[in-house]
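In: take a look and give me a structure for this.
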Amino acid sequence: MHLGGTGVLYAKPGWTDRPNIQNRRMRLERVFIHQLLRLVRKFLPILVMALIAIPAWNYVTRRVQRSGSFRAVRKLPTGVSVHTEGFTYSRTEGGRTQFTVHAKQSVVLTDNKYMLDDVDAVVFGKTEKEPTRNITGKQCVFQQETNDFECKGNVEVELDARTVVRSEQILYNHRERTITSPGRADVAQGGTTGRTNYLQYAVETGLLTLKGDVYIHTEDRTEVQAATVVFQEKENWTSLSGGVLLKAPNGWIQGLNGRSDLEAGTNKPKIITIDGNVTGEFTPAGSRDTWRIRSAWLEAEMSPAGVVQHVKTRGDAQIEKVGGNVPQRVKGEEIDTTLTNGRIDALEARQNASMVLGDGQTLTAPLIWTNGTGSIRTTGKSLLDLGDSTIDGREFNVENGEETVIFSTSRPAILKKAGEQESSADQTRATFDSRTNMLIELVQTGNFQFKDPQRTARAQSAQSSQGGTVITLIGSAVVTDADRRLEAPEVRLNQADNSFIATKNVISSVNDPEQQLLVKAARAEGGADSVVYTGNVQLWRVDAYVKADRIDARGQVGKGSRVHAEALPGKKVQSNLQNVRTTSETLDYDDANGLVHYTGHVHGQKQDMIMETPDMTVKLQDNKLTEIVASGGVTVTRGDRKGTGERAVYDAASDVVTLTGQNAQLYDKQQGLTQGSLIKIGKREETVSVQGETGAPTVTKHPVNGKK
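Out: Below you'll find the model as predicted:
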């Protein structure tokens with residue numbers, strides 16, 4: 001029997017040293033999932049080796065009988081009835097020898113007891129296939145009536161050719177067919193040693209029991225400690241109880257109880273179980289990192305070759321790396337690991353499962369599945385925290401790489417970021433930097449919704465970049481903030497500078513119902529205090545209208561805003577403000593000062609009055625026109641009259657236009673041409689006033705209707 005037969009269990013499965021790894025696979029040494037699964041693969045052999053070591057004491061080879069040397073006859077004690085040299089006794093039942101006792105010297109006591117010296121006893125199994133057990137002792141007492149015997153003083157029991165039990169006292173009970181050491185017993189097998197305060201072996205059932213401070217030390221420096229160890233040869237199992245501790249040079253595991261189901265004939269472990277507050281600690285060779293494991297129950301399923309195939313943990317299970325710069329941990333009420341040919345296929349954590357992927361990276365779900373390449377899947381309601389980003393949804397897919405973490409889900413999910421930023425969609429795909437947790441790219445499609453303290457938005461889909469600060473809304477995009485509502489097929493929002501770009505049939509409106517501002521354009525770009533509209537721009541505000549190729553709007557409407565409109569070369573700005581219809585090359589509106597300034601081939605019309613000038617300013621008060629000033633050469637047409645001058649001023653209160661300038665003149669169909677330095681053209685009394693150049697007023701009044 002080979003007690004230390006753990007060589008198979010320590011055969012390296014080749015997790016990290018596999019040749020011909022495909023180029024597309026990630027470098028797993030620094031990925032948590034890989035390290036975690038390496039822990040499971042490397043740590044379990046400690047448990048397997050320890051639990052296979054114990055039953056090996058009793059279940060491998062058949063006993064080889066041996067002949068003991070006989071010692072000198074001792075002096076006959078008091079009360080002896082018969083004293084003989086040499087003694088042999090065999091007990092046969094059903095045609096088969098049960099046991100044989102040989103002694104160099106025997107003394108028959110008066111109570112039918114035999115006191116034997118230099119004893120060699122052989123206890124046979126029930127069948128020839130069962131191994132024999134050899135007991136040697138210096139002094140033994142044999143009871144003929146019961147066929148029991150007791151040996152004391154340096155007693156040895158050979159369970160097979162390689163395994164020896166040593167004790168100061170051994171009892172054989174023939175009726176029960178048991179071999180018992182009621183006191184301390186030492187066991188040796190090859191380089192493995194052990195001790196126990198009590199040992200009992202049942203020959204018929206094959207049950208071997210060790211009790212009281214059981215300690216085993218293997219030749220590969222593995223230690224096993226337990227209060228009780230039981231081996232069942234015929235039913236092929238072994239168990240440990242009363243506090244189990246398994247120690248190896250690079251780690252340990254402990255629990256209240258342990259069990260191993262063995263393969264018949266080979267006694268290789270098939271299923272190994274530890275239960276009752278299971279904890280363990282492991283430091284991989286060549287690493288400074290320490291891994292800890294805990295659960296209420298742990299089970300390992302072994303292959304016929306002695307390789308771990310499946311590991312189950314139950315009851316608040318956790319595997320954690322302590323030390324190092326990056327915390328790593330997986331938790332769940334249940335954690336299962338599947339392996340093929342020593343290679344990790346998958347790890348699955350269930351029931352309140354959580355996984356720490358890296359620093360500031362946590363995943364929680366009812367079920368988390370992962371494999372050795374870093375692929376992760378969840379089922380049920382799931383939550384992923386990466387830095388300042390949180391994704392809340394269902395059925396997540398995560399690729400945990402060395403440089404990036406790639407997330408996706410085909411179910412509705414909500415992404416929250418610092419600063420009360422929140423977005424949601426029917427489908428989400430995101431890429432994060434593994435080291436900084438910064439959001440590199442985010443794509444959300446289907447019923448996209450967005451909000452932050454400044455605005456809300458919706459669209460068919462959205463793409464985020466630059467750490468999530470830039471969001472591009474695609475398809476029927478609508479953005480609303482405290483001041484305006486923006487609609488466009490595509491809108492790009494920049495959170496860093498609170499700016500936006502909208503393209504393709506943009507519609508912008510003011511939320512204040514009293515202002516009633518609406519702008520349409522091919523493109524809009526701006527921020528909190530300014531917007532630039534370009535491409536067939538049209539602006540409506542209450543009774544005002546402006547059409548231009550470009551409009552710059554600054555400030556809040558109704559609160560000192562400014563508007564600049566301009567036309568492309570060869571085109572004109574069209575406007576209608578306070579019933580003044582105008583075309584010009586540029587238009588500037590100053591809401592705070594109540595001014596509208598037109599430049600460049602200005603053509604303005606108010607009712608029957610038309611002004612043509614390079615420069616014209618309309619003055620407003622309380623949103624009503626009070627004055628129009630034109631300069632730089634003016635032509636005024638009013639009815640049948642047409643006047644020209646260097647400057648013209650229209651006073652809304654008097655409804656009079658005053659032309660001034662050295663060459664001011666007025667032409668009337670009926671009266672002809674009139675010149676002067678100041679010409680007033682009125683409408684109410686159909687009169688015209690003219691003042692001469694000398695300053696002495698010369699006024700000519702005549703009816704405009706042509707009457708003489």
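In: pretty sure Thr205 contacts Gln232?
Out: Yes - assessed by Cβ atoms under 8 Å, Thr205 is found in contact with Gln232 at 7.4 Å. Any C-beta I mention is one placed from the backbone N, CA and C, and that applies to glycine too.
In: quick one: which of these two has more around it?
Out: Higher neighbour count among Thr205 and Gln232: Gln232, with 20 against 15, using other Cβ atoms under 10 Å.
In: contacting residues around the closest residue to that one other than its chain neighbours?
Out: Distances taken as Cβ to Cβ, 6 or more residues apart in numbering place Leu207 nearest to Gln232, at 5.4 Å, with adjacent residues excluded. For Leu207, the contacting residues are Tyr201, Val230, Phe231, Gln232, Glu233, by Cβ atoms under 8 Å, 6 or more residues apart in numbering.
In: residue contacts, the nearest residue to Thr370 once chain neighbours are set aside?
Out: The shortest distance from Thr370 to any non-neighbouring residue, by Cβ to Cβ, 6+ apart, is to Ile376 (4.5 Å). By Cβ under 8 Å, 6+ apart, Ile376 lies in contact with Ile33, Met355, Leu357, Leu363, Ile368, Trp369, Thr370, Phe396, Asn397, Val398, Glu399, Asn400.
In: now with 10 Å?
Out: 33, 347, 355, 357, 363, 365, 368-370, 384, 396-400, 405, 407 (Cβ atoms under 10 Å, 6 or more residues apart in numbering).
In: tell me what it is bridged to.
Out: Counting by DSSP bridges, Ile376 is bridged to Thr370, Val398.
In: now the one 5 residues further on
Out: Each beta-bridge partner of Lys381 is listed here, defined by DSSP bridges: Arg394.
In: mind listing what it touches?
Out: Thr364, Ala365, Pro366, Asp392, Gly393, Arg394, Glu395.
In: now do Ser410
Out: Under the criterion of Cβ under 10 Å, 6+ apart, the neighbours of Ser410 are Gly393, Arg394, Glu395, Asn397, Asp426, Gln427, Thr428, Arg429, Thr445, Gly446.
In: check the residue lying closest to Val656 once chain neighbours are set aside and give its pLDDT.
Out: Among residues not flanking Val656 along the chain, Gly682 sits closest, at 4.6 Å (Cβ to Cβ, 6+ apart). In the prediction, the pLDDT value recorded for Gly682 is 82.
In: quick check: Gly682 touching Gly643?
Out: No - using Cβ atoms under 10 Å as the test, Gly682 is too far from Gly643 to be in contact (11.8 Å).
In: so between those two, which is more surrounded?
Out: A direct count of neighbours by other Cβ under 10 Å for Gly682 and Gly643 places Gly643 higher, at 23 against 17.
In: host element of that one?
Out: Using DSSP states H and E, Gly643 maps to strand 641-651.
In: centre of the chain versus that strand, how much separation?
Out: Distance of strand 641-651 from the chain centroid (Cα atoms, centre = their mean, to the nearest Å) equals 76 Å.
In: C-alpha coordinates for that strand, CSV please?
Out: Extracted in CSV, the C-alpha atoms of strand 641-651 (Å, rounded to 0.1, in the frame of the first residue of the first chain):
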residue,chain,number,x,y,z
ARG,A,641,-42.8,110.8,-53.0
LYS,A,642,-39.1,109.8,-53.1
GLY,A,643,-36.5,111.5,-51.0
THR,A,644,-32.7,111.1,-50.7
GLY,A,645,-30.2,112.3,-48.2
GLU,A,646,-27.2,111.4,-46.2
ARG,A,647,-29.3,110.4,-43.2
ALA,A,648,-32.9,109.6,-42.5
VAL,A,649,-34.8,109.4,-39.2
TYR,A,650,-38.2,107.9,-38.8
ASP,A,651,-40.1,108.9,-35.7
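In: which is the next helix or strand following the helix or strand hosting Tyr215?
Out: Per DSSP H and E: Tyr215 is located in strand 207-217. Beyond strand 207-217 on the C-terminal side, the first helix or strand identified by DSSP H and E is strand 223-232.
In: angle of whichever helix or strand comes after that following strand against strand 207-217?
Out: Counting by DSSP H and E, the element after strand 223-232 in chain order, helix or strand, is strand 237-241. Between strand 237-241 and strand 207-217, the angle comes out at 60 degrees (axes from the mean of the first three to the mean of the last three Cα atoms, to 10 degrees).
In: in its sheet, which strands sit next to strand 237-241, and in what direction?
Out: Strand pairing for strand 237-241, using DSSP bridges, gives strand 223-232 (antiparallel), strand 257-262 (antiparallel).
In: including distance to Thr503 and mean pLDDT, could these go into CSV?
Out: Shown next, in CSV, are the strands paired with strand 237-241 (distance: least, Cβ to Cβ, whole Å; pLDDT from 0 to 100):
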stretch, distance to Thr503, mean pLDDT
strand 223-232, 73, 90
strand 257-262, 69, 88
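In: kind regards, and thank you for your time.
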